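**Student:** The amino acid sequence is not available; the structure is as follows:
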């Protein structure tokens, strides 16, 4: 009896999983994409966010525009490159892997700063776990990873 019930539960969960994988649903412009085919339909590209998630990103038309908040951008109001210092240089390790330089934020959280609109956009706005500009101030994101 228990085995039969477990089989039914398994079949039910498997059916729900298959229904969730249907890629023939109508495409919504504000949909959070994890489906590569749907993403490519809008000239997007899947980008890994953190360790486990993928999100569809596509070019923004206001890249580089000055901003004080992400509401002013198609993507995110980012801290400009001038707001960072780079420590060290890229180098090749003995095992062939490449070590990247460390990028350090020059300003502190809560300080006033003028941002720039990002070159890419996604439904969720925050694409990575980098600091951004909100209400003209340096802000840290809440990262899910």
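**Tutor:** Good, I have the coordinates. What you are looking at is a predicted structure, and each value in this text was computed from that prediction instead of being measured.
**Student:** neighbours of the closest residue to residue 48 other than its chain neighbours, just the number please.
**Tutor:** Take residue 48 and drop its neighbours on the chain: the residue closest to it by Cβ to Cβ, 6 or more residues apart in numbering is residue 54, 5.6 Å away. For the C-beta atoms, the positions are set from N, CA and C on the backbone; glycine is no exception. Here the number of neighbours of residue 54 (other Cβ atoms under 10 Å) works out to 15.
**Student:** mind listing what the residue nearest to residue 118 when sequence neighbours are not counted touches?
**Tutor:** For residue 118, ignoring the flanking residues on the chain, the nearest one in space by Cβ to Cβ, 6+ apart is residue 75 at 3.6 Å. Residue 75 makes contact with 60, 62-63, 117-122, 125, 127, according to Cβ atoms under 8 Å, 6 or more residues apart in numbering.
**Student:** How about residue 66?
**Tutor:** Here residue 66 is in contact with 114-116 (Cβ under 8 Å, 6+ apart).
**Student:** lowest-pLDDT helix or strand in this structure?
**Tutor:** helix 2-20 (a mean of 47; mean pLDDT, DSSP states H and E).
**Student:** in the protein, which spans are strands?
**Tutor:** Assigned by DSSP state E, the strands in the chain fall at 45-49, 53-59, 66-67, 77-78, 84-87, 91-92, 98-99, 102-105, 115-117, 120-121, 132-134, 137-139.
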